[in-house]
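Q: Prediction below, plus the sequence it came from.
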Amino acid sequence: MANTKTVTKPKRTFTEWLRSRDGQKALVMLAFMVLPLLLLFVFTYLPFGEMFGFSFYKMKYIGERKFVGLKNYEKVFSRDDCFGALKLSLYYMLGSVVQLAIALYLATILSFKVRGGDLFKGLMFFPFLINGIAIGFIFKFFYTRGFVFDTVLQWCGFQLDNLPYWLRDQRINNFSLVGTSVWRYFGQNMVLFIGAIMSVDAELYEAATLDGANRFQQFKYIILPSIKTIVTLNVILSITGSLSAFEPPYVITDGANGTGTYFVVMHQIAHVQQKVGLASAMAIVLLVIIFVVTILQKLFFKYVFKNAEDEDPNAARKRDKKIARIAAKRGGARA
């Protein structure tokens, strides 16, 4: 028998491996992985850790620090201007529901062929592209006594003396600010809904039409279950955003006349009163609240869309047969 010799490749040094193709690929992968993680740590997690540490101290930006333990957290729940400001989030939560309802309604209409639909989409989405500070100044003059809004209402027959002060009257000023947020953000929600609705198979609508389903039934049983992911995402973003409303009350009213939201109060405590420890505790409390609300919303929508997730397999088969029947009819017509 012939002797078989195994040829062993010489081991490469680390420098040779690094210069090779495999080494270059590993180096690029490591660079793309390490740099984002490093930036995320330096500009996100490290400042958050510092803020969490500040929440246990009585301190200003400059000067001595005094460790007070959980007293800052106790003040967040005991002071009316801190935790009480979260009550104003209910106004913005109500506005977010109206905002999503308008966006979903218009998205359902504009997802189909409508004359001038593209122009209308652009006009509705345009406010989202404007800077929030600029929108605040626009609506500050819009709501000012005797200016744009009052002038339009006078054209409609209202007397100026009978109109309220939209930014002073505490019965209505928060609704005025919420209207600003609705006007700015519903276009973004509408575009997201349109993208999701347009991805639904058009043959499902034809099958539903053959079964005698009207537009509302098509929306309830076809569109809504098909876009449940986008609906859940938009609701979560809108509700969590309502908890951190800042730009409208800060720019338009500066938090006066009972319009100071949680973020506005936190800004005043941190930058005007320079109670950095208390403001840091407020930020941590808000983070926990947003986290809990997000979890509750996910559980809620998991229950709401339970029927859509646990769909009967026979229903899917019937739907496929209907689609096949439509395709067969089309083929026969073309023949």
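A: Cool, got the structure. Numbers count the residues shown, from 1 in each chain.
Q: what mean pLDDT does stretch 52-60 have?
A: For stretch 52-60, mean pLDDT is 92.
Q: Send over that stretch as PDB, restricted to the C-alpha atoms.
A: Only the C-alpha atoms of stretch 52-60 are listed here, as PDB (Å, rounded to 0.1, in the frame of the first residue of the first chain):
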ATOM      1  CA  PHE A  52     -30.200  58.300  37.800                       C
ATOM      2  CA  GLY A  53     -27.400  59.000  40.300                       C
ATOM      3  CA  PHE A  54     -28.400  62.700  40.400                       C
ATOM      4  CA  SER A  55     -31.900  61.800  41.500                       C
ATOM      5  CA  PHE A  56     -30.700  60.800  44.900                       C
ATOM      6  CA  TYR A  57     -29.000  64.100  45.600                       C
ATOM      7  CA  LYS A  58     -30.100  67.600  46.500                       C
ATOM      8  CA  MET A  59     -28.000  69.600  44.100                       C
ATOM      9  CA  LYS A  60     -27.700  72.400  41.600                       C
END
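Q: can you pull the buried residues of that stretch?
A: The neighbour-count check on stretch 52-60 (16 or more other CB atoms under 10 Å) flags 54-59 as buried. For glycine as for every other residue, the C-beta is placed from the backbone atoms N, C-alpha and C.
Q: With stretch 164-175 instead?
A: For stretch 164-175, using 16+ other CB under 10 Å, the buried residues are 166-167, 173-174.
Q: Output those in a markdown table, with distance to K298 appended to each entry.
A: What follows is those, written out as a markdown table (distance: CB to CB, whole Å):
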| residue | distance to K298 |
| --- | --- |
| W166 | 37 |
| L167 | 36 |
| N173 | 33 |
| N174 | 28 |
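Q: want to throw these into CSV with secondary structure?
A: As requested, those are exported to CSV (DSSP: H, G, I helix; E, B strand; the rest coil):
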residue, secondary structure
W166, coil
L167, coil
N173, helix
N174, helix
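Q: want to throw the buried residues of stretch 52-60 into CSV with distance to E16 and secondary structure?
A: Converted to CSV, those look like this (distance: CB to CB, whole Å; DSSP: H, G, I helix; E, B strand; the rest coil):
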residue, distance to E16, secondary structure
F54, 50, helix
S55, 52, coil
F56, 53, coil
Y57, 54, strand
K58, 59, strand
M59, 55, coil
